[in-house]
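>>> Predicted model, plus sequence, below.
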Amino acid sequence: MMTMVLPLAAAAGEDVNPLLPHTAEIIFAFVFLILLAIAFAKVVVPKFEKAYADRTQAIEGGMEDAKQAQAEAKAALEKYNAQLANARQEAAKIREDAREQGAQIIAEMREQANAEAERIVTHARTQIDAERAQAVASLRREVGTMATTLASRIVGESLEDEARQRRTVERFLAELEESESARQAVGTDR
C-alpha cells in the first residue's frame, strides 16, 4: 500500500518527505503522550512524592531521634561527672575528717601518756620520799642506839634514859648535818 500512496502523492504534485510521519500519526502520538502524562501525574508521581515524603520524614525523624539521644547522652554524662565530682569531694572530706580524728586521737593519747607519766613520777617521788624518811628514821634510831652505847662506854655512865638519849642523838645528828652543809658550801664555792 505504501507504494500506492507515493504515486498518488507524487501525482498530486506534492513533495513527500519519507522522514516525516503522517499528520494522523502525529495527532495520535500527541494525544497518547498527553494521556500518558496525565496517567503518570495521577498515578506514578503521587507514589514517588509519598515515597519521597516518607523517606524525608524517616531521615528527619532519625535525625531528631539522634539529636534527642545525643542530648540524653550529654545529660547523662553531665550527671555522671557531677556525681563523680561529688564523690571526689566526699572522699576528700572523709580523708580530711580521718586526718583530723587521727590527730585528735594522737593528741589525746599524748595527753593521757603525759598524765600517766606525771602520775607515775609523782607516785615514785612520793614513794621515794616516804622510803627516804623511813630510812632516815631507821638510821637515826640505829645511829642513836650505837651512839648511846658508845657514849656509855666512853663516859662510863649509863645513858639509858630515853629522853637524854634522844637529846644526845639529836645534837649529834645536828652537828653532822652542819658539818655536811659546811663541806658542801665549801665545795660549791670553789
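Received, thanks.
>>> ok, longest helix in this structure?
Secondary structure of the chain read by DSSP state H shows that its longest helix is helix 45-155.
>>> Just name whatever secondary elements that one is in contact with.
Using 3 or more CB pairs under 8 Å, 6 or more residues apart in numbering; DSSP states H and E as the contact definition, the elements that helix 45-155 packs against are helix 162-189. C-beta here means a position set from N, CA and C on the backbone, and glycine is covered the same way.
>>> Show me what the helix it packs on packs onto, helices and strands only.
In terms of contacts (3+ CB pairs under 8 Å, 6+ apart), helix 162-189 is packed against helix 45-155.
>>> mean confidence for the helix it packs on?
Per-residue confidence for helix 45-155 averages out to 89 on the pLDDT scale.
>>> Next, name the residue at the spatial heart of the protein.
Ala91 (2.5 Å; CA atoms, centre = their mean).
>>> What distance do you get for it to Ala85?
For Ala91, the distance to Ala85 (CB to CB, to the nearest Å) stands at 11 Å.
>>> Then Ala51?
50 Å.
>>> one step back: tell me the angle the longest helix of the chain makes with helix 162-189.
120 degrees (axes from the mean of the first three to the mean of the last three CA atoms, to 10 degrees).
>>> Could you give the number of residues near Ile26?
The local packing of Ile26 (other CB atoms under 10 Å) involves 11 other residues.
>>> per-residue confidence for it?
Reported pLDDT at Ile26 in the predicted model: 91.
>>> Check which helix or strand it maps to.
Taking DSSP states H and E as the definition, one finds Ile26 inside helix 23-39.
>>> by contact count, what packs against that helix?
Helix 23-39 is packed against no helix or strand, with contacts defined by 3+ CB pairs under 8 Å, 6+ apart.
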